[in-house]
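1. this one's sequence-less:
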RNA sequence: GUGGGUAUAGCUCAGUUGGUUAGAGCGCCAGAUUGUGGCUCUGGAGGCCGUCGGUUCAACUCCGACUAUCCACCCCA
(Lines give C-alpha, C1' and ligand atoms only; values in the text may rest on other atoms or scores of the structure.)
Protein backbone atom coordinates (compact mmCIF):
# COMPACT_ATOMS: atom_id res chain seq x y z
CA UNK A 1 0.00 0.00 0.00
CA UNK A 2 1.18 3.43 -0.92
CA UNK A 3 1.83 5.84 1.94
CA UNK A 4 0.51 9.33 1.41
CA UNK A 5 1.37 12.56 3.15
CA UNK A 6 -1.12 13.46 5.89
CA UNK A 7 -4.26 15.32 4.91
CA UNK A 8 -3.71 19.02 4.46
CA UNK A 9 0.05 18.83 3.92
CA UNK A 10 1.91 19.66 0.76
CA UNK A 11 5.42 18.82 -0.39
CA UNK A 12 7.57 21.55 -1.82
CA UNK A 13 9.39 19.69 -4.57
CA UNK A 14 12.97 20.30 -5.71
CA UNK A 15 11.69 21.85 -8.92
CA UNK A 16 9.55 24.33 -6.99
CA UNK A 17 11.65 25.23 -3.96
CA UNK A 18 13.23 28.20 -5.69
CA UNK A 19 9.91 30.04 -5.39
CA UNK A 20 10.06 29.74 -1.63
CA UNK A 21 13.70 30.74 -1.56
CA UNK A 22 12.86 33.82 -3.60
CA UNK A 23 10.04 34.93 -1.34
CA UNK A 24 12.01 34.19 1.80
CA UNK A 25 14.97 36.19 0.56
CA UNK A 26 12.68 39.14 -0.22
CA UNK A 27 11.20 38.87 3.26
CA UNK A 28 14.59 38.81 4.97
CA UNK A 29 15.82 41.76 2.94
CA UNK A 30 12.69 43.75 3.74
CA UNK A 31 12.87 42.97 7.45
CA UNK A 32 16.48 43.97 7.56
CA UNK A 33 15.69 47.33 5.97
CA UNK A 34 12.84 47.89 8.42
CA UNK A 35 14.84 46.86 11.46
CA UNK A 36 13.12 43.58 12.26
CA UNK A 37 15.32 40.67 13.35
CA UNK A 38 14.50 37.02 13.12
CA UNK A 39 13.36 34.99 16.09
CA UNK A 40 13.23 31.19 15.81
CA UNK A 41 11.01 29.46 18.29
CA UNK A 42 10.22 25.75 18.57
CA UNK A 43 7.56 24.17 16.45
CA UNK A 44 5.90 22.90 19.63
CA UNK A 45 5.10 24.66 22.89
CA UNK A 46 3.29 23.91 26.10
CA UNK A 47 -0.40 23.82 25.31
CA UNK A 48 -1.04 26.36 28.01
CA UNK A 49 0.78 29.07 26.07
CA UNK A 50 -1.83 28.98 23.32
CA UNK A 51 -4.75 28.49 25.68
CA UNK A 52 -3.76 31.68 27.44
CA UNK A 53 -2.27 33.58 24.54
CA UNK A 54 -4.69 32.83 21.75
CA UNK A 55 -7.70 32.58 24.04
CA UNK A 56 -9.69 29.70 25.50
CA UNK A 57 -12.83 30.61 23.63
CA UNK A 58 -11.34 30.81 20.15
CA UNK A 59 -11.98 28.22 17.47
CA UNK A 60 -8.24 27.71 17.17
CA UNK A 61 -7.90 26.57 20.75
CA UNK A 62 -11.23 24.82 21.04
CA UNK A 63 -11.08 22.66 17.96
CA UNK A 64 -8.08 23.23 15.72
CA UNK A 65 -4.95 22.53 17.73
CA UNK A 66 -2.61 19.60 17.27
CA UNK A 67 -2.26 18.69 20.93
CA UNK A 68 -0.70 15.57 22.40
CA UNK A 69 0.94 14.28 25.55
CA UNK A 70 4.67 13.74 25.36
CA UNK A 71 6.36 10.82 27.08
CA UNK A 72 6.89 12.92 30.18
CA UNK A 73 3.18 13.56 30.52
CA UNK A 74 3.34 17.18 29.35
CA UNK A 75 0.61 18.58 27.13
CA UNK A 76 2.30 19.79 23.98
CA UNK A 77 0.82 21.68 21.04
CA UNK A 78 2.17 22.29 17.56
CA UNK A 79 2.14 26.05 17.08
CA UNK A 80 -1.09 27.23 15.44
CA UNK A 81 0.28 30.77 15.02
CA UNK A 82 3.47 32.67 15.58
CA UNK A 83 2.67 35.51 17.94
CA UNK A 84 2.27 33.63 21.22
CA UNK A 85 5.63 31.83 20.87
CA UNK A 86 7.35 35.11 20.00
CA UNK A 87 5.81 36.67 23.09
CA UNK A 88 6.93 33.73 25.20
CA UNK A 89 10.49 34.10 23.93
CA UNK A 90 10.34 37.84 24.61
CA UNK A 91 9.33 37.21 28.21
CA UNK A 92 11.46 34.16 28.92
CA UNK A 93 14.65 35.82 27.69
CA UNK A 94 13.96 39.12 29.46
CA UNK A 95 14.12 41.02 26.23
CA UNK A 96 11.84 43.62 27.82
CA UNK A 97 14.93 44.82 29.74
CA UNK A 98 16.62 45.83 26.52
CA UNK A 99 15.96 49.19 24.92
CA UNK A 100 12.51 49.24 23.36
CA UNK A 101 10.87 48.75 20.97
CA UNK A 102 11.78 45.15 20.23
CA UNK A 103 11.14 44.32 16.61
CA UNK A 104 11.25 40.72 15.45
CA UNK A 105 10.07 38.55 12.60
CA UNK A 106 9.64 34.87 11.89
CA UNK A 107 9.03 32.49 9.03
CA UNK A 108 7.54 29.35 10.47
CA UNK A 109 5.27 26.42 9.79
CA UNK A 110 1.96 26.51 11.66
CA UNK A 111 -0.50 23.72 12.32
CA UNK A 112 -4.26 23.84 12.48
CA UNK A 113 -6.60 20.87 12.32
CA UNK A 114 -9.16 22.12 9.80
CA UNK A 115 -10.81 20.88 6.63
CA UNK A 116 -8.39 21.78 3.86
CA UNK A 117 -9.57 23.94 0.98
CA UNK A 118 -8.17 26.49 -1.45
CA UNK A 119 -5.65 28.58 0.46
CA UNK A 120 -5.98 26.54 3.61
CA UNK A 121 -3.77 23.68 4.72
CA UNK A 122 -3.23 21.90 8.01
CA UNK A 123 0.45 22.64 7.82
CA UNK A 124 0.97 26.09 6.40
CA UNK A 125 3.68 28.70 6.59
CA UNK A 126 3.52 32.11 8.09
CA UNK A 127 5.70 35.15 7.86
CA UNK A 128 4.98 37.42 10.80
CA UNK A 129 6.45 40.47 12.46
CA UNK A 130 5.99 41.77 15.98
CA UNK A 131 6.88 45.12 17.55
CA UNK A 132 6.86 45.11 21.34
CA UNK A 133 7.18 47.94 23.81
CA UNK A 134 5.40 50.95 22.40
CA UNK A 135 1.83 52.13 22.03
CA UNK A 136 2.71 54.72 19.41
CA UNK A 137 0.16 54.33 16.60
CA UNK A 138 2.88 55.17 14.11
CA UNK A 139 4.45 51.81 14.77
CA UNK A 140 1.12 50.22 13.88
CA UNK A 141 1.45 52.05 10.59
CA UNK A 142 5.02 50.82 10.26
CA UNK A 143 3.97 47.22 10.84
CA UNK A 144 1.25 47.51 8.21
CA UNK A 145 3.71 49.14 5.83
CA UNK A 146 6.06 46.16 6.04
CA UNK A 147 3.27 43.86 4.89
CA UNK A 148 2.31 46.20 2.09
CA UNK A 149 5.93 46.65 1.06
CA UNK A 150 6.38 42.92 0.68
CA UNK A 151 3.45 42.74 -1.73
CA UNK A 152 4.83 45.70 -3.60
CA UNK A 153 8.33 44.27 -4.03
CA UNK A 154 6.85 40.99 -5.19
CA UNK A 155 4.77 42.80 -7.80
CA UNK A 156 1.40 41.81 -6.35
CA UNK A 157 -1.50 44.06 -7.30
CA UNK A 158 -5.18 44.51 -6.50
CA UNK A 159 -4.98 44.25 -2.74
CA UNK A 160 -7.12 46.04 -0.25
CA UNK A 161 -5.90 47.22 3.11
CA UNK A 162 -8.76 47.30 5.57
CA UNK A 163 -8.36 48.76 9.02
CA UNK A 164 -10.50 48.97 12.11
CA UNK A 165 -10.22 49.39 15.83
CA UNK A 166 -11.56 46.73 18.16
CA UNK A 167 -11.08 48.94 21.23
CA UNK A 168 -9.54 48.07 24.55
CA UNK A 169 -10.95 45.89 27.35
CA UNK A 170 -12.53 48.97 28.89
CA UNK A 171 -14.55 50.29 25.96
CA UNK A 172 -15.12 46.88 24.46
CA UNK A 173 -16.94 45.76 27.56
CA UNK A 174 -19.33 48.68 27.35
CA UNK A 175 -19.74 48.16 23.64
CA UNK A 176 -20.44 44.46 24.01
CA UNK A 177 -23.26 45.25 26.39
CA UNK A 178 -24.62 47.81 23.94
CA UNK A 179 -24.37 45.41 21.02
CA UNK A 180 -26.03 42.57 22.88
CA UNK A 181 -28.84 44.90 23.93
CA UNK A 182 -29.34 45.78 20.28
CA UNK A 183 -29.11 42.20 19.05
CA UNK A 184 -31.28 40.57 21.65
CA UNK A 185 -34.68 41.60 20.24
CA UNK A 186 -33.46 40.75 16.71
CA UNK A 187 -32.20 37.34 17.63
CA UNK A 188 -35.10 35.29 16.32
CA UNK A 189 -34.87 36.99 12.94
CA UNK A 190 -31.21 36.13 12.45
CA UNK A 191 -29.77 33.03 10.81
CA UNK A 192 -28.90 30.07 12.99
CA UNK A 193 -25.19 30.75 12.76
CA UNK A 194 -25.72 34.24 14.11
CA UNK A 195 -27.83 32.87 16.90
CA UNK A 196 -24.85 30.72 17.89
CA UNK A 197 -22.49 33.63 17.50
CA UNK A 198 -24.56 35.70 19.90
CA UNK A 199 -23.03 33.72 22.73
CA UNK A 200 -19.67 32.81 21.30
CA UNK A 201 -18.55 35.82 19.28
CA UNK A 202 -21.21 38.52 18.90
CA UNK A 203 -18.85 40.80 16.96
CA UNK A 204 -18.91 38.30 14.12
CA UNK A 205 -22.63 38.77 13.64
CA UNK A 206 -21.91 42.15 12.10
CA UNK A 207 -19.96 40.40 9.38
CA UNK A 208 -22.65 37.84 8.44
CA UNK A 209 -23.21 37.44 4.71
CA UNK A 210 -26.88 36.40 5.00
CA UNK A 211 -29.11 39.04 3.44
CA UNK A 212 -31.72 38.87 6.18
CA UNK A 213 -29.06 39.40 8.82
CA UNK A 214 -27.56 42.31 6.92
CA UNK A 215 -30.96 44.02 6.77
CA UNK A 216 -31.66 43.52 10.42
CA UNK A 217 -28.24 44.79 11.37
CA UNK A 218 -28.23 47.93 9.27
CA UNK A 219 -28.44 50.10 12.37
CA UNK A 220 -26.31 47.99 14.65
CA UNK A 221 -23.72 49.87 16.67
CA UNK A 222 -20.09 49.47 15.62
CA UNK A 223 -17.15 49.25 17.96
CA UNK A 224 -15.52 51.96 15.93
CA UNK A 225 -18.23 54.44 16.90
CA UNK A 226 -18.01 53.51 20.56
CA UNK A 227 -14.32 53.77 21.28
CA UNK A 228 -13.10 55.39 24.44
CA UNK A 229 -11.05 58.58 24.06
CA UNK A 230 -7.75 56.75 24.29
CA UNK A 231 -8.66 54.23 21.60
CA UNK A 232 -10.18 56.90 19.41
CA UNK A 233 -7.02 58.99 19.58
CA UNK A 234 -4.96 55.93 18.78
CA UNK A 235 -7.04 55.10 15.71
CA UNK A 236 -6.75 58.68 14.47
CA UNK A 237 -3.00 58.38 14.97
CA UNK A 238 -2.91 55.20 12.92
CA UNK A 239 -4.78 56.81 10.03
CA UNK A 240 -2.50 59.82 10.16
CA UNK A 241 0.53 57.55 10.15
CA UNK A 242 -0.75 55.69 7.10
CA UNK A 243 -1.51 58.98 5.37
CA UNK A 244 2.00 60.27 6.01
CA UNK A 245 3.61 57.26 4.35
CA UNK A 246 1.07 57.27 1.55
CA UNK A 247 -0.71 53.97 2.13
CA UNK A 248 -4.30 53.74 0.93
CA UNK A 249 -6.73 52.03 3.25
CA UNK A 250 -10.38 51.36 3.73
CA UNK A 251 -11.87 51.80 7.17
CA UNK A 252 -13.98 48.68 7.65
CA UNK A 253 -15.81 48.68 10.98
CA UNK A 254 -16.79 45.05 10.43
CA UNK A 255 -13.30 43.61 10.69
CA UNK A 256 -13.00 41.28 13.64
CA UNK A 257 -10.00 39.24 14.54
CA UNK A 258 -10.47 35.67 15.59
CA UNK A 259 -7.84 35.68 18.26
CA UNK A 260 -8.79 37.08 21.65
CA UNK A 261 -5.64 39.06 22.21
CA UNK A 262 -6.27 41.93 19.82
CA UNK A 263 -6.85 45.47 21.08
CA UNK A 264 -7.25 48.74 19.24
CA UNK A 265 -5.82 48.29 15.73
CA UNK A 266 -7.09 45.38 13.64
CA UNK A 267 -6.30 45.10 9.96
CA UNK A 268 -6.48 42.76 7.01
CA UNK A 269 -4.91 42.75 3.61
CA UNK A 270 -7.30 41.02 1.24
CA UNK A 271 -7.09 39.65 -2.29
CA UNK A 272 -9.96 38.70 -4.54
CA UNK A 273 -7.80 36.47 -6.69
CA UNK A 274 -7.57 33.30 -4.62
CA UNK A 275 -11.08 32.14 -3.81
CA UNK A 276 -12.89 32.46 -0.56
CA UNK A 277 -9.87 32.52 1.74
CA UNK A 278 -8.89 35.97 0.58
CA UNK A 279 -7.20 37.33 3.68
CA UNK A 280 -3.52 36.97 2.97
CA UNK A 281 -2.33 39.09 5.85
CA UNK A 282 -4.03 39.84 9.14
CA UNK A 283 -2.89 41.47 12.32
CA UNK A 284 -3.25 44.22 14.84
CA UNK A 285 -2.39 45.42 18.30
CA UNK A 286 -2.36 43.23 21.40
CA UNK A 287 -1.59 45.38 24.40
CA UNK A 288 -2.66 42.82 26.98
CA UNK A 289 -1.04 39.72 25.57
CA UNK A 290 2.40 39.91 27.12
CA UNK A 291 0.95 40.39 30.57
CA UNK A 292 -1.50 37.52 30.04
CA UNK A 293 1.47 35.30 29.19
CA UNK A 294 3.21 36.21 32.43
CA UNK A 295 5.40 39.13 31.35
CA UNK A 296 5.41 42.76 32.44
CA UNK A 297 2.63 44.89 31.05
CA UNK A 298 3.95 45.65 27.57
CA UNK A 299 2.12 46.71 24.44
CA UNK A 300 2.65 45.00 21.10
CA UNK A 301 1.54 45.00 17.49
CA UNK A 302 2.13 42.61 14.61
CA UNK A 303 0.77 40.59 11.74
CA UNK A 304 0.75 37.11 10.27
CA UNK A 305 0.98 36.54 6.54
CA UNK A 306 0.21 33.23 4.82
CA UNK A 307 2.97 32.20 2.46
CA UNK A 308 0.91 29.61 0.58
CA UNK A 309 -1.74 32.24 -0.04
CA UNK A 310 0.95 34.66 -1.14
CA UNK A 311 2.17 32.09 -3.66
CA UNK A 312 -1.41 31.52 -4.86
CA UNK A 313 -1.90 35.21 -5.53
CA UNK A 314 1.38 35.43 -7.41
CA UNK A 315 0.40 32.45 -9.49
CA UNK A 316 -3.04 33.80 -10.30
CA UNK A 317 -1.55 37.17 -11.23
CA UNK A 318 1.01 35.51 -13.46
CA UNK A 319 3.95 36.96 -11.58
CA UNK A 320 7.13 35.22 -12.63
CA UNK A 321 9.78 34.27 -10.14
CA UNK A 322 13.45 34.14 -11.19
CA UNK A 323 14.18 30.51 -11.95
CA UNK A 324 16.80 28.48 -10.19
CA UNK A 325 20.23 28.46 -11.67
CA UNK A 326 20.85 25.90 -14.35
CA UNK A 327 23.78 23.57 -14.83
CA UNK A 328 26.62 25.47 -16.44
CA UNK A 329 28.38 22.52 -17.97
CA UNK A 330 27.56 18.90 -18.60
CA UNK A 331 30.40 16.48 -19.19
CA UNK A 332 29.59 13.75 -21.65
CA UNK A 333 31.93 10.78 -21.68
CA UNK A 334 32.35 7.70 -23.85
CA UNK A 335 34.04 4.68 -22.39
CA UNK A 336 35.45 3.85 -19.01
CA UNK A 337 38.59 5.95 -19.22
CA UNK A 338 36.64 8.95 -20.38
CA UNK A 339 34.15 8.41 -17.58
CA UNK A 340 36.95 8.53 -15.02
CA UNK A 341 38.23 11.67 -16.63
CA UNK A 342 34.75 13.21 -16.57
CA UNK A 343 34.44 12.43 -12.88
CA UNK A 344 37.74 14.12 -12.12
CA UNK A 345 37.04 17.11 -14.33
CA UNK A 346 33.59 17.59 -12.84
CA UNK A 347 34.97 17.82 -9.34
CA UNK A 348 37.72 20.19 -10.39
CA UNK A 349 35.15 22.47 -11.99
CA UNK A 350 32.95 22.30 -8.93
CA UNK A 351 35.91 23.30 -6.79
CA UNK A 352 36.08 26.37 -8.95
CA UNK A 353 32.37 26.96 -8.15
CA UNK A 354 31.15 25.90 -11.57
CA UNK A 355 27.83 24.02 -11.59
CA UNK A 356 29.02 20.91 -13.41
CA UNK A 357 27.20 17.62 -13.99
CA UNK A 358 27.90 14.28 -15.63
CA UNK A 359 26.05 11.18 -16.71
CA UNK A 360 25.44 8.48 -14.11
CA UNK A 361 23.33 6.11 -16.20
CA UNK A 362 25.85 4.84 -18.77
CA UNK A 363 23.95 6.55 -21.53
CA UNK A 364 25.07 6.70 -25.13
CA UNK A 365 26.63 9.95 -26.28
CA UNK A 366 23.44 10.85 -28.05
CA UNK A 367 21.39 10.23 -24.96
CA UNK A 368 23.84 12.24 -22.90
CA UNK A 369 23.41 15.15 -25.29
CA UNK A 370 19.65 14.84 -25.05
CA UNK A 371 19.87 14.79 -21.29
CA UNK A 372 22.17 17.82 -21.26
CA UNK A 373 19.65 19.63 -23.40
CA UNK A 374 16.80 18.63 -21.13
CA UNK A 375 18.45 19.93 -17.97
CA UNK A 376 19.25 23.13 -19.92
CA UNK A 377 23.00 22.83 -19.53
CA UNK A 378 24.63 25.81 -21.17
CA UNK A 379 27.70 23.91 -22.32
CA UNK A 380 28.71 20.32 -22.90
CA UNK A 381 32.19 18.88 -22.75
CA UNK A 382 32.70 15.76 -24.83
CA UNK A 383 35.38 13.32 -23.79
CA UNK A 384 36.30 10.16 -25.70
CA UNK A 385 39.41 8.14 -26.44
CA UNK A 386 40.52 10.64 -29.05
CA UNK A 387 40.34 13.54 -26.60
CA UNK A 388 42.20 11.64 -23.92
CA UNK A 389 44.92 10.74 -26.34
CA UNK A 390 45.36 14.29 -27.61
CA UNK A 391 44.76 15.78 -24.16
CA UNK A 392 42.29 18.15 -25.73
CA UNK A 393 38.59 18.32 -24.96
CA UNK A 394 35.78 19.85 -26.93
CA UNK A 395 33.37 22.33 -25.39
CA UNK A 396 30.05 22.78 -27.14
CA UNK A 397 27.92 25.83 -26.56
CA UNK A 398 24.37 24.48 -26.50
CA UNK A 399 22.78 27.73 -27.54
CA UNK A 400 24.61 28.25 -30.80
CA UNK A 401 26.03 24.78 -31.33
CA UNK A 402 29.60 25.97 -31.72
CA UNK A 403 32.44 23.78 -30.54
CA UNK A 404 35.94 24.75 -29.50
CA UNK A 405 38.98 22.74 -28.47
CA UNK A 406 40.62 23.36 -25.12
CA UNK A 407 43.58 21.67 -23.42
CA UNK A 408 42.29 19.02 -21.06
CA UNK A 409 44.27 20.10 -18.02
CA UNK A 410 43.65 23.80 -18.23
CA UNK A 411 40.65 24.48 -15.96
CA UNK A 412 41.02 28.24 -16.31
CA UNK A 413 40.85 27.97 -20.06
CA UNK A 414 37.81 25.70 -19.85
CA UNK A 415 36.02 28.14 -17.60
CA UNK A 416 36.92 31.02 -19.87
CA UNK A 417 35.60 29.20 -22.92
CA UNK A 418 32.29 28.22 -21.33
CA UNK A 419 31.59 31.75 -20.13
CA UNK A 420 32.19 33.14 -23.52
C1' G B 1 -18.18 19.64 12.33
C1' U B 2 -21.81 20.50 7.72
C1' G B 3 -22.73 20.48 2.34
C1' G B 4 -21.43 19.60 -2.97
C1' G B 5 -18.01 17.80 -6.95
C1' U B 6 -14.30 14.26 -8.40
C1' A B 7 -11.50 9.39 -8.30
C1' U B 8 -8.99 5.60 -15.49
C1' A B 9 -0.89 5.37 -17.27
C1' G B 10 4.28 9.42 -13.91
C1' C B 11 1.04 14.16 -15.45
C1' U B 12 -3.59 16.29 -18.00
C1' C B 13 -7.72 13.80 -19.59
C1' A B 14 -11.03 10.66 -23.39
C1' G B 15 -13.89 6.06 -22.87
C1' U B 16 -20.40 5.83 -26.94
C1' U B 17 -27.35 3.26 -24.61
C1' G B 18 -23.34 -1.66 -19.38
C1' G B 19 -20.56 -5.95 -24.28
C1' U B 20 -15.29 -9.16 -25.15
C1' U B 21 -7.50 -7.03 -26.55
C1' A B 22 -8.88 0.26 -21.83
C1' G B 23 -7.10 4.98 -25.39
C1' A B 24 -4.83 10.05 -26.58
C1' G B 25 -1.48 14.10 -25.63
C1' C B 26 2.65 15.19 -22.66
C1' G B 27 6.61 12.84 -19.93
C1' C B 28 10.09 8.54 -19.59
C1' C B 29 13.32 4.76 -22.31
C1' A B 30 15.36 3.08 -27.05
C1' G B 31 16.20 3.59 -32.31
C1' A B 32 16.35 6.56 -37.44
C1' U B 33 24.62 3.88 -40.50
C1' U B 34 29.68 3.98 -37.49
C1' G B 35 31.23 9.89 -31.57
C1' U B 36 26.77 15.25 -30.76
C1' G B 37 21.00 17.98 -28.21
C1' G B 38 16.57 20.99 -29.79
C1' C B 39 12.32 19.68 -34.87
C1' U B 40 10.37 15.21 -37.07
C1' C B 41 9.42 9.90 -37.51
C1' U B 42 9.34 4.75 -35.45
C1' G B 43 9.15 1.43 -31.44
C1' G B 44 8.91 0.27 -26.09
C1' A B 45 7.91 0.26 -20.88
C1' G B 46 3.99 1.77 -17.79
C1' G B 47 -3.14 0.80 -15.64
C1' C B 48 -6.46 -5.12 -10.52
C1' C B 49 -10.12 1.95 -14.23
C1' G B 50 -9.31 4.56 -5.55
C1' U B 51 -11.02 0.17 -2.02
C1' C B 52 -14.85 -3.22 -0.58
C1' G B 53 -19.60 -5.01 -1.51
C1' G B 54 -24.19 -5.26 -4.55
C1' U B 55 -27.28 -5.52 -9.32
C1' U B 56 -26.39 -8.28 -14.06
C1' C B 57 -25.17 -13.58 -18.54
C1' A B 58 -21.68 -9.38 -18.57
C1' A B 59 -19.47 -3.42 -14.75
C1' C B 60 -14.30 1.44 -16.05
C1' U B 61 -19.59 2.30 -17.10
C1' C B 62 -25.42 1.29 -12.69
C1' C B 63 -26.24 1.22 -6.99
C1' G B 64 -24.24 1.41 -1.79
C1' A B 65 -20.48 1.98 1.81
C1' C B 66 -15.60 3.41 2.85
C1' U B 67 -11.19 6.14 1.77
C1' A B 68 -8.71 9.98 -0.65
C1' U B 69 -8.87 14.60 -3.03
C1' C B 70 -10.99 19.38 -4.57
C1' C B 71 -14.44 23.33 -3.56
C1' A B 72 -17.76 25.90 -0.26
C1' C B 73 -19.79 26.86 4.81
C1' C B 74 -17.72 27.61 9.70
C1' C B 75 -13.25 29.89 10.83
C1' C B 76 -8.72 31.92 9.52
C1' A B 77 -3.06 33.06 7.25
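-> Yep, it's here. This one's a predicted model, so the numbers in the text were calculated from it and none came from an experiment.
2. show me what residue A:282 bridges to in the sheet.
-> According to DSSP bridges, the partner residues bridging residue A:282 are residue A:268, residue A:304.
3. just for chain A, where's the confidence low?
-> A:1 (pLDDT under 70).
4. which single residue of it ends up nearest RNA strand B?
-> Using CB to the nearest atom of the strand, the single residue of chain A nearest to RNA strand B is residue A:258, 1.1 Å away. C-beta: built from backbone N, CA, C; applies to glycine.
5. what is the neighbour count of residue A:24?
-> Per other CB atoms under 10 Å, the neighbour tally for residue A:24 reads 14.
6. if we can go back for a sec, the residue of chain A closest to RNA strand B: neighbour count?
-> That count, for residue A:258 with other CB under 10 Å as the rule, works out to 15.
7. thought it was touching residue A:57?
-> No - Residue A:258 lies out of contact with residue A:57 (CB atoms under 8 Å); the separation is 10.3 Å.
8. does stretch A:334-348 reach RNA strand B?
-> Yes - residues of stretch A:334-348 are located near RNA strand B by CB under 7 Å from any atom of the strand, namely residue A:334.
9. next, the buried residues of that stretch.
-> Within stretch A:334-348, the residues that count as buried by 16 or more other CB atoms under 10 Å are A:334, A:338, A:339, A:341, A:342, A:345, A:346.
10. identify the residue nearest the fourth one in space, chain neighbours excluded?
-> Right, residue A:341. Sequence neighbours aside, residue A:383 is the residue nearest to residue A:341 in space, at 5.4 Å (criterion: CB to CB, 6 or more residues apart in numbering).
11. give me phi/psi at the residue of chain A closest to RNA strand B?
-> For residue A:258, the backbone dihedrals are phi -80, psi -10 (criterion: degrees, to the nearest 10).
12. contacts only, for it.
-> Applying CB atoms under 8 Å, 6 or more residues apart in numbering to residue A:258 gives the contacts A:58, A:59, A:60.
13. could those go into CSV alongside secondary structure, distance to residue A:16 and neighbour count?
-> Putting the contacts of residue A:258 into CSV (DSSP: H, G, I helix; E, B strand; the rest coil; distance: CB to CB, whole Å; neighbours: other CB atoms under 10 Å) gives the following:
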residue, secondary structure, distance to residue A:16, neighbour count
A:58, coil, 33, 21
A:59, helix, 31, 16
A:60, helix, 29, 19
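14. re earlier: from the buried residues of stretch A:334-348, pick the one nearest residue A:15.
-> Among the buried residues of stretch A:334-348, residue A:346 lies closest to residue A:15 (CB to CB), at 22.2 Å.
15. so which helix or strand takes in the closest one?
-> Following DSSP states H and E, one finds residue A:346 within helix A:336-351.
16. contacts for that helix next, please.
-> Here helix A:336-351 makes contact (CB under 8 Å, 6+ apart) with A:329, A:331-333, A:356-359, A:381, A:383-385, A:387-388, A:393, A:408, A:411, A:414-415.
17. rerun at 10 Å
-> If you take CB atoms under 10 Å, 6 or more residues apart in numbering as the criterion, helix A:336-351 is touched by A:328-335, A:354-360, A:362, A:365, A:368, A:381-389, A:393, A:408-409, A:411, A:414-415, A:418.
18. what do you get for stretch A:269-280?
-> The contact list for stretch A:269-280 (CB under 10 Å, 6+ apart) reads A:117-120, A:144, A:147-148, A:150-151, A:156-163, A:249-250, A:252, A:255, A:268, A:281-283, A:303-317.
19. neighbours around the closest residue to residue A:402 other than its chain neighbours, how many?
-> Once flanking residues are discounted, residue A:402 sits nearest to residue A:396: 7.2 Å by CB to CB, 6+ apart. Counted with other CB under 10 Å, residues neighbouring residue A:396 total 21.
20. residue contacts, residue A:396?
-> Residue A:396 makes contacts with A:329-330, A:332, A:369, A:372, A:377, A:379-382, A:402-404, A:418, as judged by CB under 10 Å, 6+ apart.
21. do the same with residue A:406
-> If you count contacts by CB under 10 Å, 6+ apart, residue A:406 has them with A:381, A:392, A:393, A:394, A:395, A:412, A:413, A:414, A:415, A:416, A:417, A:418.
22. which helix or strand contains the fourth one?
-> In other words, residue A:394. If you go by DSSP H and E, residue A:394 is part of strand A:392-397.
23. among the contacts of residue A:406, which one has the most neighbours?
-> Of these, residue A:381 is surrounded by the most neighbours, 28 neighbours in total, counting by other CB under 10 Å.
24. picking up where we left off before, from the middle of its chain, how far away would the helix holding residue A:346 be?
-> 41 Å (CA atoms, centre = their mean, to the nearest Å).
25. other SSEs contacting the very next helix or strand once past it?
-> Reading on from helix A:336-351 to the C-terminus, the next helix or strand found by DSSP H and E is strand A:356-358. Helices and strands touching strand A:356-358, as assessed by 3 or more CB pairs under 10 Å, 6 or more residues apart in numbering; DSSP states H and E, comprise strand A:329-333, helix A:336-351, helix A:365-374, strand A:379-383.
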